[in-house]
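Student: Any chance you could fold what I've pasted below:
(one chain, ligands or ions: 1)
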Amino acid sequence: MTKRSYHPTDGRTGNGAASDAIRERRAAIEDLGAALRTLLQVSASTEAGADEIRLAAAELRRVTGPLAASVRTRAQQPSADDLLGGIRMYNPVSGTGSGLAPPVDAEVVDGVVVGTCTLGLAYEGPPTYAHGGVSALLLDHMLGYATTASGHPGMTVELTTRYRAPVPLQTPLRLTGRVTEVLTRKVIAHGTIATAADPDTVLVEATGTFVAIRPEKVRALWGSGP
Ligand SMILES: CCCCCCCCCCCCCCCC(=O)SCCNC(=O)CCNC(=O)[C@H](O)C(C)(C)COP(=O)(O)OP(=O)(O)OC[C@H]1O[C@@H](n2cnc3c(N)ncnc32)[C@H](O)[C@@H]1OP(=O)(O)O
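Tutor: Numbering: from 1, shown residues only. Sure, this is the predicted structure:
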């Protein structure tokens, strides 16, 4: 069994060349991301009174100030990222620095991307189950990971999701993504969501088409490059 994955702070980095300062900053970003995730989940589930909620909101605005003093623009990539090394700290699905990300932890096992995550109450759609758009987000990521890992990166041009059964919150999940067909510029991939306890019962599946970006499109979208 062969496995491949990337992680920003435990040495499994893309190029292994991060300086101590970058590693330290990534660890701090992870710390903040973890705190934000806890906050997001608690904020979506707290039954505290209005006074406590207002107090927390004021405190949060206060601590945001120093961070907001130095921010990047849309045109700048995060200095802690390593695009070619596969490290994106703020990816909204897998980024350990993102409060939005569950985060999904994924690795390639024998050509299939296998991911795990648990969705908290902040991702609720129908009561006690995940929002369907969140499932689509997770699957788009798994399929995109699979196409990139197969050496055929591209952008999603079509994603078809089939919701067979609701995805339970606060339950460890198992996600998969695999490339099923490589055409000239198009790659087709398929992915699934199941619970970790019952991986053979597919709750949601998706098929996606990804298109390799032509150099002129790269220039049009990102100028000299993202
Ligand atoms: C260990 C290894 C670790 C690796 C570690 C990686 C980890 C990291 C994982 C991150 C995973 C993130 C995964 C998220 C991926 C997004 O979410 S991407 C964001 C969402 N997608 C977009 O915004 C794309 C929007 N679309 C576009 O900008 C343009 O369509 C594109 C993609 C630039 C292509 O434009 P274009 O070059 O002008 O394309 P065009 O020549 O018109 O069409 C090319 C082909 O595609 C076909 N096509 C175009 N549109 C469609 C369509 N809607 N349906 C079907 N076919 C279509 C055309 O028919 C044509 O096919 P052929 O005629 O050649 O057979």
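
Student: Figure out the helix or strand that the residue of the chain found nearest the ligand lives in.
Tutor: Residue of the chain nearest the ligand, by Cβ to the nearest ligand atom: Gly144 (2.2 Å). (C-beta placed from N, C-alpha, C; glycine too.) Taking DSSP states H and E as the criterion, Gly144 maps to helix 132-149.

Student: next helix or strand past that helix?
Tutor: Downstream of helix 132-149, the first helix or strand assigned by DSSP H and E is strand 155-163.

Student: buried ones in that following strand?
Tutor: Neighbour-count burial for strand 155-163, counted by 16 or more other Cβ atoms under 10 Å, picks out Leu159, Thr161.

Student: between it and helix 132-149, how many degrees?
Tutor: Counting by axes from the mean of the first three to the mean of the last three Cα atoms, to 10 degrees, strand 155-163 points 130 degrees away from the direction of helix 132-149.

Student: Residue numbering should commence at 100 henceforth.
Tutor: Will do, 100 is the new start, and the previous item becomes strand 254-262.

Student: can you tell me if strand 254-262 touches the ligand.
Tutor: Yes. Looking at strand 254-262 against the ligand by Cβ under 6 Å from any ligand atom, the contacts come from Met254, Thr255, Val256, Glu257.

Student: For the ligand, tell me whether the following helix or strand past that strand is touching it.
Tutor: Following strand 254-262 in sequence order, the next helix or strand is strand 271-281 (DSSP H and E). No. Using Cβ under 6 Å from any ligand atom, strand 271-281 stays clear of the ligand, coming no nearer than 9.1 Å.

Student: which helices and strands does strand 271-281 pack with?
Tutor: The criterion is 3 or more Cβ pairs under 8 Å, 6 or more residues apart in numbering; DSSP states H and E, and the helices and strands that strand 271-281 contacts are strand 211-217, helix 231-248, strand 285-294.

Student: strand partners of it, parallel vs antiparallel please.
Tutor: When sheet partners are counted by DSSP bridges, strand 271-281 sits next to strand 211-217 (antiparallel), strand 285-294 (antiparallel).

Student: Contacts for that strand next, please.
Tutor: Strand 271-281 is touched from outside by 203, 205, 210-218, 237-238, 240-246, 249, 251, 266, 286-296, 298, 306, with contacts defined as Cβ atoms under 8 Å, 6 or more residues apart in numbering.

Student: Mind pulling up the pLDDT for Trp321?
Tutor: In this model, Trp321 is scored at 89, pLDDT.

Student: actually Thr270, not the one I typed
Tutor: For Thr270, pLDDT reads 98.

Student: Leaving out the residues flanking it, which one is nearest to it?
Tutor: Excluding the flanking residues, the one nearest Thr270 by Cβ to Cβ, 6 or more residues apart in numbering is Thr294, at 5.5 Å.
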